[in-house]
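Novice: 3D model of this:
(2 chains)
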Number of protein chains: 2
Amino acid sequence: MALDKNIVVLLGGVGGAKLAIGLAQIVPAQRLTFVVNTGDDFWHLGLRICPDLDTVMYTLAGLVDPDWGWGLKGDSVVALETLNSFYGVDTWFRLGDKDLATHLQRSRLLRCGRSLTEATRRLSKSLGVDAALLPMSDDEIPTKIETVEFGELGFQEYFVKHRWQPVLKSIRHAGCERSSLPSQVRSALSKADIVLIAPSNPWLSLAPILAVNGMRDLLTSLDVPIVAVTPIIGGAAVKGPTAKIMSELGQEATPANIAKFYTGIINGFVNDIQNEPLGRSDLRSIQVNTLMKTEGDKRSLAGATLDWIESWVA
Amino acid sequence: MALDKNIVVLLGGVGGAKLAIGLAQIVPAQRLTFVVNTGDDFWHLGLRICPDLDTVMYTLAGLVDPDWGWGLKGDSVVALETLNSFYGVDTWFRLGDKDLATHLQRSRLLRCGRSLTEATRRLSKSLGVDAALLPMSDDEIPTKIETVEFGELGFQEYFVKHRWQPVLKSIRHAGCERSSLPSQVRSALSKADIVLIAPSNPWLSLAPILAVNGMRDLLTSLDVPIVAVTPIIGGAAVKGPTAKIMSELGQEATPANIAKFYTGIINGFVNDIQNEPLGRSDLRSIQVNTLMKTEGDKRSLAGATLDWIESWVA
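Specialist: Numbering: from 1, shown residues only, chains lettered A, B, ... in the order given. Now for the predicted structure:
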């Protein structure tokens, strides 16, 4: 077990958070760094909303709603419903009353001039999260989705308001060319013994992280295992639009195409036992159960992945 | 009855709102303008809080909590309690979940560059308030209280956090010299047939209004009845620190001292039947019941005041 290894995980929201909690149960917190997609973030109702950071934070804190995999368990929606009933505010983006506390506190810290990295550190430490939780950048790099039906949509309009039903034509990461990696991300990756890419949506959750100025160069300069876990099982995504997007981009929903997405970055791939073998001699791969339904599944996938990586590093 | 008169009311929060709802029941809404103290306003948890505007707005909309006289009836405090339990935020200033909708919406409008006048117009129209509800100024003029125990306190620190228990030495209206009257306030007062000063705290709620640059000059230039209603009944305030503050400023809590506070501005005074007569030959006055416990009391005081003013104007 990789108890003495520094592990950095690149991840998005719900799918990534499942692997994150599995890792957190077997790796000492001081060895674990999570670098989270912030391309989904947006200003909404005057608040800075960071869906993936919050999903990972709430999951690691044991506070996440178990039914949805995001949001806080036992939350109410009085404020949001009142915004609608009193002031006609559109409520397509659900914000619970407890959850509002996080958005209020973060927005206040940002408006006081704190970086998102620092705000996230404070919020996550307050909730007892010991592992390092880092946004991919302190710059705003909103993911924009060009769709057939509506032209360009903000990420949450596409994902939540339209429930990822519009046909995707292309994706851009607005402002990424002027963005920079936080020193904390750079430092964590420089000290990493293992880098994992969680089974999040490559196009929607990982591409924004890879688009941060300097990230791709930094990853390719590392001489450590960089291993992606497949988000595609049996030709489909466990949750969300990965397979749908692949089809819209003219790709078959195969693990081979996921591995291809990470060409030049990864040197290892965790494939699912239900999938066909990757069939690539230039890329190490293993087939295990990657479907994380139970807490045991999450721990098992984390453990199997780390054990396998250690076996080829040793 | 003053059905064809334009009436402007200068007022603070709870006490003023009682007279406001009484007036709203007998005067057509298009004839009524409320100019509200904003010296209590502050930025708190990243939100712009306007306690007196909200108290008057919620009262006129029939939404106010009847037990407290402020806040929304049937409100919960999940977000605030979560701010405390998750992030250790001090919760001395109560903000309900429904109430948060108002603060979020107003803060968003202000940050989009809308004036407080415009934001207030939108909020109050959304809640079905037909009378004009105007902040005394679009400028921030925070009331600062110099106390014996703590030095200078922000208004809400003094009033809510310390429950107006510190001994008051003096009051200032920060920035008032650079402030201006909104054109809507100026226009309403210029067209006013009657100006009423509600039985709010003269030092805490009315002094800020009178401190807005140009307000005192405008009021003294008007040739209409300007009538104050006593906030002191039987040597005490109905609610709040009026009598305590008068004592700390070396004044007896008498209606004569209230009338003296408004010297140069008022030409009429509504005294309470429980008080001694005003005993001033240079100031019209009447003695009626000014204690507003029931809805009928509020309507009666409004009606008696207007009838009396009409009798000496006619």
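Novice: Pull up the distance across stretch A:40-56, start to finish.
Specialist: Across its full length, stretch A:40-56 reaches 13 Å end to end, with CA to CA, to the nearest Å as the criterion.
Novice: which parts of that stretch are buried?
Specialist: A:40-42, A:44-56 (16 or more other CB atoms under 10 Å in any protein chain shown). The way it works is simple: take the backbone N, C-alpha and C, and place the C-beta from them, glycine included.
Novice: Just the element for the nearest residue to A:Thr91 once chain neighbours are set aside, please.
Specialist: In space, and not counting its chain neighbours, A:Thr91 is closest to A:Asn84: 4.7 Å by CB to CB, 6 or more residues apart in numbering or on different chains. The secondary structure element spanning A:Asn84 is helix A:78-87 (assigned by DSSP states H and E).
Novice: you'd agree A:Arg122 is up against A:Leu109?
Specialist: Yes: A:Arg122 lies in contact with A:Leu109 (CB atoms under 8 Å); the separation is 6.6 Å.
Novice: of the two, who's got more company?
Specialist: Using other CB atoms under 10 Å in any protein chain shown as the criterion, A:Arg122 and A:Leu109 rank with A:Leu109 on top: 21 against 15.
Novice: Could you find the closest non-adjacent residue to that one?
Specialist: Nearest non-adjacent residue to A:Leu109, counting by CB to CB, 6+ apart: A:Ala119, 4.0 Å away.
Novice: which residues touch the one you found?
Specialist: With contact taken as CB atoms under 8 Å, 6 or more residues apart in numbering or on different chains, A:Ala119 is in contact with A:105-106, A:109-110.
Novice: A:Ala207 now?
Specialist: Listed by CB under 8 Å, 6+ apart, the contact set of A:Ala207 reads A:39, A:171, A:173.
Novice: In strands, which of those residues fall?
Specialist: When these are checked against strands using DSSP state E, the ones located there are A:171, A:173.
Novice: just curious, which of the contacts of A:Ala207 is nearest to chain B?
Specialist: If you rank these by distance to chain B using CB to the nearest CB, A:Gly39 comes first, at 23.0 Å.
Novice: okay, now that closest one: neighbour count?
Specialist: A count of neighbours around A:Gly39, defined by other CB under 10 Å, yields 28.
Novice: quick one, phi/psi of it?
Specialist: The phi/psi pair for A:Gly39 (degrees, to the nearest 10) reads phi -70, psi -20.
Novice: unless I'm mixing things up, A:Ala29 is touching A:Asp130, no?
Specialist: Yes: look at A:Ala29 against A:Asp130 with CB under 8 Å: they come within range, at 3.4 Å.
Novice: State the pair within the buried residues of stretch A:40-56 that is farthest apart.
Specialist: A:Gly46 and A:Val56 (23.7 Å; CB to CB).
Novice: Give me the pLDDT for A:Met1.
Specialist: A:Met1 is assigned 57 on the pLDDT scale.
Novice: just A:Gly279 next, same as before
Specialist: pLDDT, the model's per-residue confidence, is 88 for A:Gly279.
Novice: Quick check: the closest residue to A:Thr38 other than its chain neighbours vs chain B, distance?
Specialist: With sequence-adjacent residues excluded and distances taken as CB to CB, 6+ apart, A:Thr38 is closest to A:Pro135, at 4.6 Å. The gap separating A:Pro135 from chain B is 18 Å, by CB to the nearest CB, to the nearest Å.
Novice: my read: A:Pro135 touches A:Leu53, true?
Specialist: Yes: applying CB under 8 Å as the test, A:Pro135 and A:Leu53 come out as touching, 6.0 Å apart.
Novice: shared neighbours of those two, anything?
Specialist: With contacts defined as CB under 8 Å, 6+ apart, the residues adjacent to both A:Pro135 and A:Leu53 are A:36, A:38, A:120.
Novice: still on that earlier bit, got the phi/psi numbers for the residue nearest to A:Thr38?
Specialist: On the backbone of A:Pro135 - angles per degrees, to the nearest 10 - the values are phi -70, psi 150.
Novice: what's the burial count for it?
Specialist: Going by other CB under 10 Å, the residues that sit close to A:Pro135 add up to 27.
Novice: Tell me the bridge partners for it.
Specialist: The partner list for A:Pro135 in beta bridges (DSSP bridges) reads A:Val36.
Novice: Which of the helices and strands in chain A ranks last by mean pLDDT?
Specialist: One helix or strand of chain A scores below all others by mean pLDDT, DSSP states H and E: strand A:236-237, with a mean of 85.
Novice: Could you list the contact residues of chain A toward chain B?
Specialist: Within chain A, the positions lying close to chain B (CB under 8 Å from any CB of the partner chain) are A:45-47, A:75-76, A:78-80, A:82-83, A:86-89, A:97-98, A:100-102, A:104-105, A:107-108, A:111, A:122-123, A:126-127.
Novice: List buried residues within these.
Specialist: The neighbour count (16+ other CB under 10 Å) marks A:45-47, A:75-76, A:78-80, A:82-83, A:86-87, A:89, A:97-98, A:100-102, A:104-105, A:107-108, A:123, A:126-127 as buried among those.
Novice: Which of those fall within strands?
Specialist: With DSSP E as the criterion, strands contain A:Leu47 from among those.
Novice: sec struct for the closest residue to A:Ala188 other than its chain neighbours, please.
Specialist: If you skip the residues right next to it in sequence, A:Ala188 has A:Thr33 as its closest partner in space, 4.1 Å away by CB to CB, 6+ apart. Under the three-state scheme (DSSP: H, G, I helix; E, B strand; the rest coil), A:Thr33 adopts strand.
Novice: if I read this right, A:Thr33 contacts A:Ser190, doesn't it?
Specialist: No: the pair A:Thr33 and A:Ser190 fails to qualify as a contact (CB under 8 Å) at a distance of 11.1 Å.
Novice: of those two, who's got more company?
Specialist: Neighbour count, other CB under 10 Å: between A:Thr33 and A:Ser190, A:Thr33 has more, with 23 against 12.
Novice: isn't A:Ile194 right next to A:Val227, touching?
Specialist: Yes: when contacts are counted by CB under 8 Å, A:Ile194 is listed as touching A:Val227 (7.2 Å).
Novice: where along the stretch 1-150 of chain A do the helices fall?
Specialist: Counting by DSSP state H, counting those that start in this stretch, one finds helices in the stretch 1-150 of chain A at the ranges A:14-24, A:51-60, A:78-87, A:97-111, A:116-126.
Novice: can you pull the contacts of the residue of chain A positioned farthest from its centre?
Specialist: The outermost residue of chain A relative to its centre, with distances by CA atoms, centre = their mean, is A:Phe86 at 34.9 Å. Neighbour list for A:Phe86: B:98, B:101-102, B:105, B:126-127 [criterion: CB under 8 Å, 6+ apart].
Novice: Can you narrow these down to the ones near chain A?
Specialist: With CB under 8 Å from any CB as the criterion, the contacts of A:Phe86 include B:98, B:101-102, B:105, B:126-127 near chain A.
Novice: What mean pLDDT does the lengthiest helix in chain A get?
Specialist: In terms of residue count, the longest helix belonging to chain A (DSSP state H) is helix A:295-313. Averaging pLDDT along helix A:295-313 yields 95.
Novice: Show the pLDDT at the closest residue to A:Leu72 other than its chain neighbours.
Specialist: Leaving aside its sequence neighbours, A:Leu72 sits nearest to A:Lys98 (CB to CB, 6+ apart; 4.6 Å). The score at A:Lys98 is 98. That number is its pLDDT.
Novice: wait, doesn't A:Lys98 sit right on B:Thr82?
Specialist: Yes: assessed by CB under 8 Å, A:Lys98 is found in contact with B:Thr82 at 4.3 Å.
Novice: And the buried residues of stretch A:40-56, which is closest to B:Arg186?
Specialist: Closest approach between the buried residues of stretch A:40-56 and B:Arg186, by CB to CB: A:Gly46, at 29.8 Å.
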